[in-house]
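Engineer: below are the sequence and a predicted model for it; my questions follow.
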Amino acid sequence: GLARWSQGRWTWFGGDSGLPSSLIRRFHAPPGGPLIVTTAGGSAVFNGEGFDLVTNQAGIQGLEGDGAPWRGGGVAGDLEFPQFWRERLGGESWAAWDGRLYCRTDRRWHAINWGPVSRGDKEVLSLMFDDSGTLWLGTRSWGLIRGEVPASVTFNEEDGLPGRAVTCTARTPDGSVWIGTREGLARLRSGTLESWTPESGLPARVVHWLHADRSGRLWIGTDRGLLTWNASGFVHAAGGGGFQVRSVSEGPDGTLWCATAGDGVLHWRPGDGAMRRFGSDRGFWEGHLTSVMASSDGSVWYTQDFSV
């Protein structure tokens, strides 16, 4: 199912709220657009109280257009949305869907078919643009790819990455690109790649999520808790150790919300640095949460891996 935190309380959404299914695959909120939720039974848009089914004629800006591979027939039952969607200054939209990469220009989607990212492979795991407009792709087995198609640079284990499966990326104000993998963490700065694993001081191995907050502080969601980075190295966030943190999102007030696998929700406040946990003692389900998104209106949305 789907849960929302708003005005101090949790609200659960299931089939009776208009969702086609309680099995949530992913959600997305385009800039200035509504919350879009893809379920096992189709897709729906949040209307403020519940959900309305989406059809091809819904006109979701940036996601519709000729050639979009996730466009279904006429009803939302076979309509999918991309796992990752980013818009770059200049009007281009880029999306990763089913592990493949697409670019949208002039209202038409084009499949990117080059090198390790081809139509036949399901390689793309993450997608990011930095402040200069450079595209960064995390792939399943080719490592990190930087640059424009087809001129690109690939970073892999031979260059110092701790693993080839790049799960996430983030950029900090000093120009560093941080790279999360299933075998550790790396930083690319001024052309030099530096990596950390449990054997070299990283308190975890699997990096699920990276987030640079508005102050430039790096947060690292791992299989061993929520970490931060400072000049002296990696430390567990106060109260954030021992949890498997799968996703991190920052609210408009600078607070952080974290989805965990089996331990509910973590909430960090920048004012006092306190970490609160929402578990079964506060009416929240403690199953496997898969993603979190803090919206501009102060609401926080979570998904779980199966319905309640």
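Structural biologist: Yep, it's here. In this text the structure is predicted, and so the values were computed from the model without any measurement.
Engineer: what are the ranges of the helices in the stretch 101-250 of the chain?
Structural biologist: For the stretch 101-250 of the chain, applying DSSP state H, counting those that start in this stretch gives no helices.
Engineer: pLDDT weak spots in it?
Structural biologist: 107, 114-116, 118-122, 148-151 (pLDDT under 70).
Engineer: kindly recompute the last result at 90.
Structural biologist: By pLDDT under 90, the low-scoring segments of the stretch 101-250 of the chain are 101-143, 145-156, 164, 190-191, 201, 214-215, 229-233, 235-243.
Engineer: find me whatever residue is spatially closest to Ser152, sequence neighbours aside.
Structural biologist: Nearest non-adjacent residue to Ser152, counting by CB to CB, 6 or more residues apart in numbering: Ile145, 5.4 Å away. In this view, the C-beta of every residue, glycine as well, is placed from N, C-alpha and C.
Engineer: for that neighbour, give me its contacts.
Structural biologist: Listed by CB atoms under 8 Å, 6 or more residues apart in numbering, the contact set of Ile145 reads Pro116, Val117, Trp136, Leu137, Thr139, Ser152, Val153, Thr154, Phe155.
Engineer: quick check: the third one touching Thr169?
Structural biologist: It stands for Trp136. Yes - Trp136 is within contact range of Thr169, at 5.2 Å (criterion: CB atoms under 8 Å).
Engineer: and for those two, which residues touch both?
Structural biologist: Shared contacts of Trp136 and Thr169 (CB under 8 Å, 6+ apart): Met128, Leu144, Val177.
Engineer: which of those tops the neighbour count?
Structural biologist: Among the shared contacts of Trp136 and Thr169, the one with the most neighbours (other CB atoms under 10 Å) is Leu144, at 24 neighbours.
Engineer: at which residues are the strands of the stretch 51-200 of the chain located?
Structural biologist: Listed in chain order, the strands of the stretch 51-200 of the chain (DSSP state E, counting those that start in this stretch) span residues 51-53, 84-87, 93-97, 100-105, 108-111, 124-129, 135-139, 144-147, 152-155, 166-171, 177-181, 185-189, 192-196.
Engineer: I'd like the ones you listed as CSV, with distance to Arg214 appended.
Structural biologist: Shown next, in CSV, are the strands of the stretch 51-200 of the chain (distance: least, CB to CB, whole Å):
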stretch, distance to Arg214
strand 51-53, 30
strand 84-87, 19
strand 93-97, 24
strand 100-105, 28
strand 108-111, 32
strand 124-129, 17
strand 135-139, 20
strand 144-147, 24
strand 152-155, 27
strand 166-171, 13
strand 177-181, 16
strand 185-189, 20
strand 192-196, 25
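Engineer: Ala204 is nearest to which of these?
Structural biologist: Proximity to Ala204, assessed across those by CB to CB, is greatest for strand 185-189 (8.4 Å).
Engineer: now the angle from that closest one to strand 177-181?
Structural biologist: 160 degrees (axes from the mean of the first three to the mean of the last three CA atoms, to 10 degrees).
Engineer: quick one: list the elements packing against strand 185-189.
Structural biologist: Judged by 3 or more CB pairs under 8 Å, 6 or more residues apart in numbering; DSSP states H and E, strand 185-189 is in contact with strand 177-181, strand 192-196.
Engineer: any chance of the ones you listed in a markdown table with distance to Leu218 as columns?
Structural biologist: As requested, these are exported to a markdown table (distance: least, CB to CB, whole Å):
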| stretch | distance to Leu218 |
| --- | --- |
| strand 177-181 | 6 |
| strand 192-196 | 12 |
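Engineer: what's the most buried one of these?
Structural biologist: strand 177-181 (a mean of 24; mean count of other CB atoms under 10 Å).
Engineer: run through who's touching that one.
Structural biologist: So strand 177-181 is contacted by 130, 136, 138, 144, 146, 155, 161-172, 185-189, 207-210, 212, 218, 220 (CB under 8 Å, 6+ apart).
Engineer: what sits against Ile112?
Structural biologist: By CB under 8 Å, 6+ apart, Ile112 lies in contact with Arg100, Leu101, Tyr102, Cys103, Val149.
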